[in-house]
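[1] Predicted model follows, preceded by the sequence.
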Amino acid sequence: MARLKSYIRSTLKFLLFSGGGALLLFVLVDNVIMPQYVQQGKTTKVPDVTGLPFDEAVKVLADHGLEGKKAEERPDAKYPVGAVALQNPSAGAEVKFGRGVYLTVSGGEPMVLVPSLRGRTVRDAAFALERFGLTVGNVTYEVSVEFPVNTVMEQAIPESVKVAMGTVVDVTVSQGPSKDQIPVPSLLRKTLAEGERLILQAGFTIGNIVYQPQPDMLPNTIIDQYPRGGELAPIGQAIDLVVTRKGEPRPLHEN
């Protein structure tokens, strides 16, 4: 192989002095044809180009005798727009010189359309957002004669706006035509003592307490309530509770 290469180069040098066209031929053979001929059948390891901008990744692959090719562009939250998110063959693979390496380029974070929440209950609004990978943020209550109690009046991000998955959407919720209604605190899985404190602190009163046996939970843990947490109720309304207890359930009693 070395003797062949030396012979070709000697011949091309001779041609170099015999005409200007031979110079171009020498450069072409010495820098393009000969390297490919010498490398034929040899292998190299694929470098890791994930995370690199596409153009830079192509250059790195070329330095290793490989050809970078764009496979597709798809959303990817891990890598910025234009960076290589996936390569095939993978880094470290042993391949032949000149092999194509297919690169998947990141289009950035997945984007979704914000659904319409106006007129939905807070619960329905939360479910609607979850279906798109979004969540309910701060809930602000305001007096309204137009919207029923506990329904969404306004949303901080308008419907049909594109946002990244995981975005938090704040909402304004109707508390009805009166300011006397306030949201009930959520008491589930709290101890009875803590629940009673939260009820009184919020301006409500303690209603009926029903005890139920629940062997897999600690005694005196709240497992249900009425009205539900987050619902609006008049100030001073009694909040009924269902609480765990060992043994047989006892009749309800009033405080």
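    Yep, that arrived.
[2] Now K70: closest residue in space, sequence neighbours ignored.
    Excluding the flanking residues, the one nearest K70 by C-beta to C-beta, 6 or more residues apart in numbering is L103, at 5.7 Å. The way it works is simple: take the backbone N, C-alpha and C, and place the C-beta from them, glycine included.
[3] quick one: what helix or strand has that neighbour in it?
    Taking DSSP states H and E as the criterion, L103 maps to strand 100-106.
[4] Pull up the pairing partners for that strand, direction included.
    According to DSSP bridges, strand 100-106 has the following sheet partners: strand 67-74 (parallel), strand 84-88 (antiparallel).
[5] hmm, who's touching the last one?
    In this case it means strand 84-88. With C-beta atoms under 8 Å, 6 or more residues apart in numbering as the contact definition, strand 84-88 has outside contacts at 46, 48-54, 57, 71, 74, 76, 78-79, 101-106.
[6] What of the longest one?
    Residues lying outside strand 67-74 but in contact with it, judged by C-beta under 8 Å, 6+ apart, are 49, 54, 57-58, 60-62, 85-86, 88, 98-107.
[7] Any quick PyMOL command for the buried ones out of those residues?
    Buried residues among the contacts of strand 67-74 (16 or more other C-beta atoms under 10 Å), as a PyMOL selection:
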select buried, resi 49+54+57+58+60+61+85+86+99+101+103+104+105+106+107
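[8] can you give me the end-to-end distance of stretch 82-92?
    Using C-alpha to C-alpha, to the nearest Å, one end of stretch 82-92 lies 23 Å from the other.
[9] mind listing what's buried in it?
    Across stretch 82-92, burial judged by 16+ other C-beta under 10 Å covers 83-87.
[10] Stretch 53-72 now?
    In stretch 53-72, the ones that count as buried by 16+ other C-beta under 10 Å are 54, 57-58, 60-61, 65-66, 68.
[11] same check, this time on stretch 133-147
    For stretch 133-147, by 16+ other C-beta under 10 Å, it's 134, 136, 139, 141, 144, 147.
[12] just those now: which is nearest I157?
    L134 (8.7 Å; C-beta to C-beta).
[13] What's the local residue count around the nearest residue to that closest one once chain neighbours are set aside?
    Distances taken as C-beta to C-beta, 6+ apart place T167 nearest to L134, at 5.4 Å, with adjacent residues excluded. Counted by other C-beta atoms under 10 Å, the residues lying close to T167 total 19.
[14] now do the one 5 residues further on
    Using other C-beta under 10 Å, T172 is surrounded by 18 other residues.
[15] That one against V152, yeah?
    Yes - if you go by C-beta atoms under 8 Å, T172 and V152 touch, sitting 7.1 Å apart.
[16] between the buried residues of stretch 82-92, which is closest to I222?
    Nearest to I222 out of the buried residues of stretch 82-92 is A85 (C-beta to C-beta; 46.4 Å).
[17] and the gap between the closest one and V46?
    16 Å (C-beta to C-beta, to the nearest Å).
[18] follow-up on the earlier one: mind picking the one among the buried residues of stretch 133-147 that's closest to F127?
    Taking C-beta to C-beta as the measure, F127 lies nearest V136 of the buried residues of stretch 133-147, at 9.7 Å.
[19] Secondary structure element for that closest one, which one?
    Going by DSSP H and E, V136 is in strand 135-142.
[20] Tell me how many other residues surround the residue lying closest to K96 once chain neighbours are set aside.
    Closest residue to K96 in three dimensions, ignoring its sequence neighbours and counting by C-beta to C-beta, 6+ apart: T43, at 5.5 Å. Close neighbours of T43, defined as other C-beta under 10 Å, add up to 12.
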